[in-house]
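Chemist: the following block contains a protein sequence and its predicted model.
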Amino acid sequence: MKLKIPEATIIRLSLYLRNLCEMERKGHVTISSEYLAKSLGIKSALVRKDLAYFGEFGTKGVGYDVKDLHAQILRIFGLNANWNVAIIGEPGLAVFLDNNFKKRGFVISSIFNLDPEKVGTVVNGVRIQAMDSLEATLKGKNTRLVILAVPAPVAQEIADKLVKAGIQAILNFVPVVLNVPPWVKLRNVDLVMHLEILTFCVGTQRVRLVESRGKRPWIGQA
């Protein structure tokens, strides 16, 4: 029976990875679970529990070897080898993501766009292709990860094409609900929703500030 890893653990592993990368860059040799936990504002027992899902790491009384733990978590994520990533839609994402992506093992290997005027132009060394070459290119480059940032009306149609091309994971920036088979992993990034949450928090904070000053708040006030 395959052990089910909690999603919260996977998220924290990604944060551990960032911290270990920084620690290794600074020349640290060992790190304790307490130090790693403190940097994330959690308890050290949770760090040890997260790592225990994947085996035994570190030495009691000494801590973890930074370089080794970094390598082990990279292996857990499958990042001990590069992953080809395709961008469907907004080519500006390639510029925004490229440097950080490369450091973490993700290579933007292809970009596709619906606009004929953008096809053929080069972004960060990658030539933008037309959608009719989608399936052949993705299969030819063994691409399994896609970032989707297209107009909402065509998102499902393109998602269907991605499934046909053998894509296994989609990071969806389009504010629509996509229907994909269960073997395709889908993560939605709804920027508008996150902005609405932020405006709610800012608005609530402003109301509390007004109330603390003894004034009657008007919610719609700018």
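Modeler: Here it is on my side, so go on.

Chemist: at which residues are the helices of this structure located?
Modeler: 7-25, 33-40, 44-52, 66-76, 92-103, 134-140, 152-164, 191-212 (DSSP state H).

Chemist: just put those helices in TSV and tack on mean pLDDT and distance to residue 117.
Modeler: C-beta here means a position set from N, CA and C on the backbone, and glycine is covered the same way. What follows is the helices of the chain, written out as TSV (pLDDT from 0 to 100; distance: least, Cβ to Cβ, whole Å):
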stretch	mean pLDDT	distance to residue 117
helix 7-25	91	37
helix 33-40	90	45
helix 44-52	93	48
helix 66-76	93	40
helix 92-103	71	15
helix 134-140	93	18
helix 152-164	94	17
helix 191-212	72	25
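
Chemist: which of those helices sits closest to residue 122?
Modeler: For those, the distance to residue 122 is smallest for helix 92-103, at 10.1 Å, taking Cβ to Cβ.

Chemist: columns mean neighbour count and distance to residue 171 on top of the helices of the chain, output as TSV?
Modeler: Rendered in TSV, the data for the helices of the chain read as follows (neighbours: other Cβ atoms under 10 Å; distance: least, Cβ to Cβ, whole Å):
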stretch	mean neighbour count	distance to residue 171
helix 7-25	15	14
helix 33-40	17	23
helix 44-52	17	23
helix 66-76	17	19
helix 92-103	14	10
helix 134-140	16	15
helix 152-164	16	11
helix 191-212	11	12
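
Chemist: Serialize those helices to a markdown table and add fields for distance to residue 121.
Modeler: What follows is the helices of the chain, written out as a markdown table (distance: least, Cβ to Cβ, whole Å):
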| stretch | distance to residue 121 |
| --- | --- |
| helix 7-25 | 33 |
| helix 33-40 | 41 |
| helix 44-52 | 44 |
| helix 66-76 | 34 |
| helix 92-103 | 11 |
| helix 134-140 | 16 |
| helix 152-164 | 20 |
| helix 191-212 | 25 |
